[in-house]
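# Predicted structure and sequence below. I'll ask about it afterward.
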Amino acid sequence: MLINGFKYNSHYAFGTLMVLFFLLPLWMSIYWYLSPNRKLVVAIIDKSLYAEQGKQHVSLNWVLGQEKFSKTNRQQYQQTKDYFGFFNSNKEKFVLKGLEQFSANQLEQLSKNADLAYFTNSYGAFKNDVQGQVDQGNGLLLQQTGMSSQDFQLLSSMKSKGKLVIVAFNAMAAPTSPQVRSNFELLFGIKWTGWIGRYFTSFDTSKNKELPNWLINDYKAQHKGIWPFKKGGIAFVHSDKSIVILEEEMDLTSPYPEIMATSEGVSKFHLKESTTYTYWFDIMDFDHNANHAAASFKINTNDKGATIMANAKIPTSFPAITLHQKDAYQFFYLSTDFSENPIGIKSAYFKGIKLFKPFLYNSSDRMDRRAFFWEIYEPLLTNILNDYYHLKYGSQLAE
C-alpha cells in the first residue's frame, strides 16, 4: 500500500509499535533517573515493627521517590533506614532508635533542620512482628511506645517554626499516654473520641481468620459469652474495650465505610469524590475555629443501625482528612491507616507511572486497598508535598 508516495508495511508498523511498547518501562526509568532531585528533609517517625521493616510508611516513601524528593541533593530516602522508630536487628530482636534518645537541644536542632515531620503508627512492637507474622492483635506485646513526650516536643517545635506536620491514624490511641494525648489535642485543635473501627468481610469466626481474637473475646466478655454475628459489617472499638458491631443488611444499607471528599478535596488535592475504605480508621473531632475537613467518613446505616450508633455516641459522619493551612503553620491529621498500603516501592522509580493508574488495581474489588492508595493517598500526599515545597522554596526556584 502506498501512502503519500511511501510504501506502508503493516507488519513493520506493528513490530515498531511492539518494540516501543516494550521499551516504555526503560524510558520511564531513564526519565525518572534524569529528573532533578528536590531536597526536602522529612523527619519520619514510625513506632511500629511490622514484618517487613519500614512497611508502615512505604506509601510515604513511594510518593517521596516518585516526586524525586530526596534527603540530600543526591541521596533518595530509603524505606528501611531513614526513619525514627523500631528496627529489626536479627531474627528474635529489635532495637528502638527513636526520638526518646534525643536531648532537648537535639530535638530543637532537628526541628530547625527538618522541613516537615510525618508521624505514623505508634502501637509498638509485638512478638509476631519479629517472627514475620502479621496479626498484632494476637501477639505478645514486647514494647509499647505511643507518641512520646520527645515526639510531641518535635511536633510542637515544628509548628512554632511554621513547618508542615502530618500525623496519621493511631497516634492518639494507647499506648500514647493521656498527658501527651491531651497536649497534642490542645496544640493542634483535634480530639480523639476514643473510637476506632474497621470493615470486615465476615464476622463468622469459622470463615474469617482475619478477625482479631481480642475483638471476639472482648465482645463475649461484655455479652455473656455470645458472639452472634455471621455477615460482614463494621466493628467499632472504644479505648475502654467497648465493642459495637454493625452487620450488613441488619444494620447497614451499605456495609462499606465511604470517604466523601469535599469540593476542596476534589479540586485542590485531586481526591476521588467517593471511595470505599475497608481497613482501620479512628474517629476524630476537631476545633472548627482552627481546622476543617477535606474529606469525611460516612457510615450508611438504616434506622436500627443509626439507633445503635447514637446510643453508643458514635457519629455516622466524621473527618477522614483534617487540616489547617493558614496563618503560620500547616497541619494534617489522616484518620485512616494511610501509610501502610500494599504498594511496591520499586514502581515509584518510573516517571509517569501514575498515567497507568487504572491498570494498577482492581476497581471492582472493594477489598483491593491499592485503590485507596491511587485514589486518595497518592494524590493527597503528592499535592501536599509539592505545594509545600513550592511555598517554601518557590522564590529560590524562580531565581
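Nice, thanks for sending it over. If you're wondering where the values come from, they're calculated on a predicted model, not measured in any experiment. Numbering: from 1, shown residues only.

# Mind telling me what element Leu24 is part of?
helix 10-34 (DSSP states H and E).

# Let me know the average pLDDT across that helix.
Mean pLDDT, helix 10-34: 70.

# which stretches of the protein form helices?
Here the chain has its helices, by DSSP state H, at 10-34, 58-66, 104-113, 127-130, 149-160, 178-188, 213-222, 263-267, 303-311, 370-372, 378-398.

# Which one of the ones you listed lies nearest to Gln325?
The closest of these to Gln325 is helix 378-398. By Cβ to Cβ, the value is 8.6 Å. In short, each C-beta sits where N, CA and C put it, glycine included.

# And that closest one, what does it pack against?
Counting contacts by 3 or more Cβ pairs under 8 Å, 6 or more residues apart in numbering; DSSP states H and E, helix 378-398 packs against helix 58-66, strand 164-168.

# Okay, buried residues for that helix please.
Of the residues in helix 378-398, 378-382, 384-385, 387-389 count as buried by neighbour count, 16 or more other Cβ atoms under 10 Å.

# just to revisit the earlier point, possible to save the helices and strands packed on helix 378-398 as TSV with mean pLDDT and mean neighbour count?
As requested, these are exported to TSV (pLDDT from 0 to 100; neighbours: other Cβ atoms under 10 Å):
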stretch	mean pLDDT	mean neighbour count
helix 58-66	92	24
strand 164-168	95	25
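
# Contacts only, for Tyr118.
With contacts defined as Cβ atoms under 8 Å, 6 or more residues apart in numbering, Tyr118 is in contact with 42-45, 57, 60, 166-168.

# circling back: tell me which of the helices and strands packed on helix 378-398 lies nearest to Ser182.
Nearest to Ser182 among these is strand 164-168 (15.0 Å), distances taken as Cβ to Cβ.

# Which strands or helices does the closest one pack on?
strand 116-126, helix 149-160, helix 178-188, strand 329-334, helix 378-398.

# In TSV, list those along with mean pLDDT and distance to Lys224.
Formatted as TSV, these follow (pLDDT from 0 to 100; distance: least, Cβ to Cβ, whole Å):
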stretch	mean pLDDT	distance to Lys224
strand 116-126	76	30
helix 149-160	96	41
helix 178-188	96	31
strand 329-334	95	38
helix 378-398	86	44
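
# These: which one's closest to Val237?
Here strand 116-126 is closest among the helices and strands packed on strand 164-168 (Cβ to Cβ), at 13.2 Å.

# what's the domain layout of this structure?
Per the record, the chain has its domains at 1-33, 35-398, by automatic domain parsing.

# Out of the ones you listed, indicate the one that is most buried.
domain 35-398 (a mean of 18; mean count of other Cβ atoms under 10 Å).

# Relative to the whole chain's centre, how far out is that domain?
4 Å (Cα atoms, centre = their mean, to the nearest Å).

# hmm, back to that, just tell me which of the helices and strands packed on strand 164-168 ends up closest to Ala312.
Of all the helices and strands packed on strand 164-168, helix 178-188 sits nearest to Ala312, with 20.9 Å by Cβ to Cβ.

# Now Asp251. Nearest residue, chain neighbours left out?
In space, and not counting its chain neighbours, Asp251 is closest to Gly305: 3.4 Å by Cβ to Cβ, 6 or more residues apart in numbering.

# Same list (the helices and strands packed on helix 378-398) but as a markdown table, adding distance to Leu271.
Compiled in a markdown table, the helices and strands packed on helix 378-398 are given as follows (distance: least, Cβ to Cβ, whole Å):
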| stretch | distance to Leu271 |
| --- | --- |
| helix 58-66 | 14 |
| strand 164-168 | 16 |
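
# Out of these, which gets nearest to Ser156?
strand 164-168 (9.1 Å).

# State the paired neighbours of the closest one in the sheet, together with their directions.
strand 116-126 (parallel), strand 329-334 (parallel) (DSSP bridges).

# That one vs helix 378-398, what angle?
Strand 164-168 runs at 170 degrees relative to helix 378-398, counting by axes from the mean of the first three to the mean of the last three Cα atoms, to 10 degrees.

# ok, now which ones touch the residue lying closest to Asn208 once chain neighbours are set aside?
Of all residues not flanking Asn208 in the chain, Ser202 sits nearest, at 4.3 Å (Cβ to Cβ, 6+ apart). Contacts here follow Cβ under 8 Å, 6+ apart; on that basis Ser202 touches 208, 230-232.

# change it to 7 Å
Neighbouring residues of Ser202 by Cβ atoms under 7 Å, 6 or more residues apart in numbering: 208, 231-232.

# Looking at those residues, which gets the smallest pLDDT?
Across the set of the contacts of Ser202, Asn208 stands lowest in pLDDT, at 92.

# quick one: that one from Ile376, how far?
25 Å (Cβ to Cβ, to the nearest Å).

# swap in Ile166?
Where Ile376 is concerned, Ile166 sits at a distance of 14 Å (Cβ to Cβ).

# low-scoring stretches of the protein, by residue?
Scanning the chain for pLDDT under 70 picks out the ranges 1-23, 49-56, 89-93, 122-144, 338-341, 364, 367, 395-399.

# run the last query once more with 80
Applying pLDDT under 80 to the chain flags the ranges 1-24, 48-57, 86-96, 121-145, 327, 337-344, 358-369, 394-399.
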